[in-house]
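K.L.:
I would like the atomic coordinates for the input below:
(one chain, ligands or ions: 1)
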Amino acid sequence: MTETLIIQGTNKTETYRSLTPQIAALTEHEPDVIANFANIAAALKHTFHFFWVGFYRVIDNELVLGPFQGPIACTRIAKGKGVCGSAWAQNKTLIVPDVDLFPGHIACSSLSRSEIVVPVHNKMGEIVAVLDVDSEHLNKFDAIDQHYLEAIVKILLESL
Ligand code: SME
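P.N.:
Okay, the predicted model is just below:
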């Protein structure tokens, strides 16, 4: 198994291209979703030094905090609430360049300024979790992050 990630690349696209197959290798023989969420959160956090990276799982029609890297966070989010609950309700990736301009944003930390939330689907097409990545910088996330983060959560599709 891969014990150390070797990340090559001088720009974001190259870094994601280097990271994505390593995440696939890291998770392919592990059926436990919590273990895989935990390693994905760690890999993204340590590669890009994002402020907060983590998963919220859909449990009993609520989002419940799952494996994450970063400061402590709110534990439960209702459907349609905040960026995470909105991405779940709308079943699509949401990029928020300035969280202060997002109605109903849930401020787990006042240091978080922009974020991207990506729904995680199982093979039946149901949303089982969301991946939430937060930055302390405004306008940190774009279509490149969306493309690769969506590809990364799809790696887990068969095991969810
Ligand atoms: N920002 C999220 C809440 C989760 S924390 O930031 C970790 C939201 O508004 O959904």
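K.L.:
And residue 123, how far from the ligand?
P.N.:
Note on residue 123: its distance to the ligand, by Cβ to the nearest ligand atom, to the nearest Å, is 25 Å. Every residue, glycine included, has its C-beta placed from N, CA and C.
K.L.:
Can you tell me the SS state at that residue?
P.N.:
coil (DSSP: H, G, I helix; E, B strand; the rest coil).
K.L.:
Name the nearest residue to it, ignoring sequence neighbours.
P.N.:
Nearest non-adjacent residue to residue 123, counting by Cβ to Cβ, 6 or more residues apart in numbering: residue 157, 5.5 Å away.
K.L.:
quick one: that neighbour and residue 125 touch, right?
P.N.:
No - applying Cβ atoms under 8 Å, one finds residue 157 not in contact with residue 125, separated by 9.7 Å.
K.L.:
Compare those two (neighbour count), which wins?
P.N.:
Comparing residue 157 with residue 125 by other Cβ atoms under 10 Å, the one with more neighbours is residue 157, at 13 against 8.
K.L.:
Contacts only, for the more buried one.
P.N.:
Neighbouring residues of residue 157 by Cβ atoms under 8 Å, 6 or more residues apart in numbering: 121-123.
K.L.:
For the residue in the chain that the ligand sits nearest to, list the residues it contacts.
P.N.:
With Cβ to the nearest ligand atom as the measure, residue 82 is the residue of the chain nearest to the ligand, at 2.9 Å. For residue 82, the contact set (Cβ under 8 Å, 6+ apart) comprises 104-106.
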